[in-house]
Structures are given as C-alpha cells and as structure tokens.
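Chemist: here's a sequence, model it:
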Amino acid sequence: MTEMPYSIGEGPATRVSLSLPEGTAEAIRQRVGKREFSAFITAAVERELRGQILDEYLADYERRKGAISATEQDRARQVFDEVFAEEGGWPVAS
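Modeler: Reported below is the predicted structural model:
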C-alpha cells in the first residue's frame, strides 16, 4: 500500500467523475440543494471510510484476542467516533 500525501478529509479539493442513479442524485439535490451536493457526497464517503477502518481494526483485534460481543463492538464504535471527532483526525488503515 502506498502512503497517501494527505489524510482523509485533508488536502485541496480534486475533481472526480461520479455516476449515480438519477433518483439518488435528485434525492440528494432535494435534501441539500445543488450547491451542497459535493459536501454531502464527501461527508457520506468519509463516514463510510471511517466505518471500514473501524471494521478493519475490530477484525484485527478479534484475530489477535478473540471474539468481541455486539455490545463491545457498539462501545468501540462510540469511542472511535468520540475520539476522532475531538481530535479532528483520522486513523490510518493497516
């Protein structure tokens, strides 16, 4: 894996091509307006990345230490969200 020059949520904006079903795109426009469309997509993608990174950490923990209960997983997600909301930072996926 190559090292990224920026962490998630950092760096200048870059244009990317994105294809969505028209119904999805219209639902986003109606919810947030045309001017906030990109911000909405960015926030959704960052939430998904954060979830995937946490899933990777939990899977790694389970490989090393054993199964984690649903309650423990929920608590880990809560702590993860609190810590990174406070610090404004992102963990690096392994």
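
Chemist: list phi and psi for residue 54.
Modeler: Main-chain dihedrals, residue 54, degrees, to the nearest 10: phi -60, psi -40.

Chemist: correction: the previous question concerned residue 69.
Modeler: Here is the backbone geometry of residue 69 (degrees, to the nearest 10): phi -70, psi 160.

Chemist: can you tell me how far it sits from residue 76?
Modeler: Look at residue 69 and residue 76: by CB to CB, to the nearest Å, they are 10 Å apart. Bear in mind the C-beta positions are built from the backbone N, C-alpha and C, glycine included.

Chemist: residue 54: neighbouring residues, count only.
Modeler: Using other CB atoms under 10 Å, residue 54 has 19 other residues around it.

Chemist: wait, it sits on residue 75?
Modeler: No: using CB atoms under 8 Å, residue 54 makes no contact with residue 75, being 11.9 Å away.

Chemist: the more surrounded of residue 69 and residue 76?
Modeler: When neighbours are counted by other CB under 10 Å, residue 76 comes out ahead of the other of residue 69 and residue 76, with 15 against 8.

Chemist: tell me which element that one is part of?
Modeler: helix 70-87 (DSSP states H and E).

Chemist: distance between that helix and the chain's centre?
Modeler: Distance, stretch centre to chain centre, for helix 70-87: 13 Å (CA atoms, centre = their mean, to the nearest Å).

Chemist: quick one, helices of the chain?
Modeler: For the chain, the helices defined by DSSP state H occupy 22-32, 37-65, 70-87.

Chemist: re the thing from before, from the contact counts, what lies against the helix holding residue 76?
Modeler: helix 37-65 (3 or more CB pairs under 8 Å, 6 or more residues apart in numbering; DSSP states H and E).
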